[in-house]
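Asker: Turn this into a structure:
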Amino acid sequence: MENPSDDYLQYIPLWVRISKIPVNYYTHSALMSLGGMLGEVKVVAFDPSKPITQPFIRVQVRFNVANPLRMAKVLNMGEGKTHTIHFDIQKLQKRCFTCKRLNHEKSICSWEVKKRQEMAQMRRENIITEKSKVVSVLKQSDPLFGVLKEEQVAINPLTGRPKIANEVLEEMKRFLMGDTAEALAIKIDKVKKSVKEAERDPIVQRTVLRLEAAPITTTELNKVKGPVFDFGEKEMERCD
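Answerer: Modelled structure (predicted):
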């Protein structure tokens, strides 16, 4: 169309089969009212002078694709009774199965996008909640409580391992609780100084505090050297 109107493709004609119609609704006005629940009724395929031989009545409506497609409607029959009629759309292959609209698919439905965003937010909140439930390593009854700080003995987030091995912590506890002539204050000072000195040297920290093997140093500069794949220039060319 050379000069489309403002509502071009906003409305489409649809043929609808209305079924489960109550007996007293088989009138031209009642059928128009039922079809009007979907859109502006243009055609009603109904001949009251002939017997009804099929379980539905067909109407054509002018349907707004931005509205959800109603598949059923509950009618109030009075005296507390209700009745459900059904709408079956002819020659309609695709629609959003979440909001029942015709102008998009389920993958880009705003309801689905919002649901995915809410689920992602919920996962982030759960992760934050789990992190906040980290169990303290040093308890008040622990001999090292108040001697070392929690961040000194906690789990290293980069390696997933304790910053000080359990064996080393147990040895420190035995030293503090040991029956020796040294005063407790002197022992505490020794533990603090030894840990602080070990934390200054990454190698000592790794071998003494975490009881891990020291890294291997090699003089072979091209050991296990392979090709380096750099896609930077390719990406720049693609962006240009």
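Asker: show me the biggest helix of the protein in terms of residues.
Answerer: As assigned by DSSP state H, the longest helix anywhere in the chain is helix 110-132.
Asker: With only the CA atoms kept, save that helix in CSV.
Answerer: C-alpha atoms of helix 110-132 as CSV (Å, rounded to 0.1, in the frame of the first residue of the first chain):
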residue,chain,number,x,y,z
SER,A,110,7.1,-8.8,27.3
TRP,A,111,5.7,-11.1,29.9
GLU,A,112,8.3,-13.7,29.2
VAL,A,113,11.1,-11.1,29.2
LYS,A,114,9.9,-9.7,32.5
LYS,A,115,9.7,-13.3,33.9
ARG,A,116,13.3,-14.0,32.9
GLN,A,117,14.4,-10.7,34.4
GLU,A,118,12.6,-11.5,37.7
MET,A,119,14.2,-15.0,37.7
ALA,A,120,17.6,-13.6,37.1
GLN,A,121,17.1,-11.0,39.9
MET,A,122,15.9,-13.8,42.2
ARG,A,123,19.1,-15.9,41.4
ARG,A,124,21.3,-12.9,42.2
GLU,A,125,19.5,-12.3,45.5
ASN,A,126,19.9,-16.0,46.4
ILE,A,127,23.6,-15.8,45.7
ILE,A,128,24.0,-12.7,47.8
THR,A,129,22.0,-14.4,50.6
GLU,A,130,24.1,-17.5,50.4
LYS,A,131,27.3,-15.5,50.6
SER,A,132,26.0,-13.6,53.6
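Asker: Mind checking what helix or strand follows that helix in sequence?
Answerer: helix 150-153 (DSSP states H and E).
Asker: And the next helix or strand past that next one?
Answerer: Helix 150-153 is succeeded, C-terminally, by helix 166-177 (DSSP H and E).
Asker: What are the buried residues along the very next helix or strand once past that next one?
Answerer: Counting by DSSP H and E, the next helix or strand C-terminal to helix 166-177 is helix 184-200. Residues of helix 184-200 classed as buried: 187-188, 191, 195, 198 (neighbour count, 16 or more other C-beta atoms under 10 Å). From N, CA and C alone the C-beta is placed, and that goes for glycine too.
Asker: gap between the two ends of stretch 153-172?
Answerer: Stretch 153-172 has its terminal residues 12 Å apart, counting by C-alpha to C-alpha, to the nearest Å.
Asker: got a list of contacts for that stretch?
Answerer: 134, 137-138, 143-144, 147-148, 151-152, 191, 195, 208-211 (C-beta atoms under 8 Å, 6 or more residues apart in numbering).
Asker: if we go to 6 Å?
Answerer: Here stretch 153-172 makes contact (C-beta atoms under 6 Å, 6 or more residues apart in numbering) with 137, 191, 209-211.
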